[in-house]
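J.: here you go, sequence then predicted model.
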Amino acid sequence: MEFLASIHPKVVHFPIAFLMLYPVMETFYFFTSKDFYLKTALLFLIIGVIGSVLAVFTGNQAYQSIVDWSKEGKEIFSAHQTYANLTVWYFAFVLVARYFMIIKKKFSKKFAIIFIVLSLIGGYFVYQTGLYGAELADNLFRTKLFNTEFEK
């Protein structure tokens, strides 16, 4: 499980990239009506959701691998975890809804606007997750640095 914890910082960037590019593809589809963008948006969303599930899983492993958490670190982790889980579930819902609309052949420009708005709201969750993740990494670094200085 140590391996999974160690890859968390590497894994998180993939869902961030795909979930932040997803609204761009939705917008391109809205303006061009090209099937390529419709399919690319769905592909980006699928990869983003799968990647975010992996990121949450490896993040939980990373949390368990750290033994002495500061009170501040636990609070930051809690916010980070909340937004990470919210991001996964939110985009999973968007994926199911979008897939259903495509299968039923009801995806139109009107629905494209709705999904653009939904994807931008989800982008806020991704942003907050990353913000707390960076704050958590900084907190862990400062705590480790602080403890190391006084051990010498």
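T.: Now that the structure is in, tell me what you want to look at. Numbers count the residues shown, from 1 in each chain.
J.: neighbours around residue 24, how many?
T.: When neighbours are defined as other Cβ atoms under 10 Å, residue 24 has 15 of them. (Each C-beta comes from the backbone N, C-alpha and C, glycine too.)
J.: give the buried residues for stretch 29-46.
T.: 29, 30, 37, 38, 40, 41, 42, 44, 45, 46 (16 or more other Cβ atoms under 10 Å).
J.: of those, closest to residue 80?
T.: Within those, proximity to residue 80 (Cβ to Cβ) peaks at residue 45, which comes in at 22.4 Å.
J.: got any ranges where the chain has weak pLDDT?
T.: The chain contains residues with pLDDT under 70 at 1, 144-152.
J.: longest helix anywhere in the chain?
T.: Ranked by residue count under DSSP state H, the longest helix found in the chain is helix 109-151.
J.: in terms of secondary structure, what does that helix contact?
T.: Packing partners of helix 109-151 (3 or more Cβ pairs under 8 Å, 6 or more residues apart in numbering; DSSP states H and E): helix 13-32, helix 71-103.
J.: for residue 119, which of those helices is the nearest?
T.: Closest to residue 119 of the helices and strands packed on helix 109-151, according to Cβ to Cβ: helix 13-32, at 3.8 Å.
J.: list the helices and strands the closest one packs on?
T.: For helix 13-32, the packing partners by 3+ Cβ pairs under 8 Å, 6+ apart are helix 35-65, helix 109-151.
J.: what's the angle from the shortest one to helix 109-151?
T.: For helix 35-65 against helix 109-151, the angle between stretch directions is 30 degrees (axes from the mean of the first three to the mean of the last three Cα atoms, to 10 degrees).
J.: which strands and helices sit next to helix 35-65?
T.: Under the contact criterion of 3+ Cβ pairs under 8 Å, 6+ apart, helix 35-65 touches helix 2-11, helix 13-32, helix 71-103.
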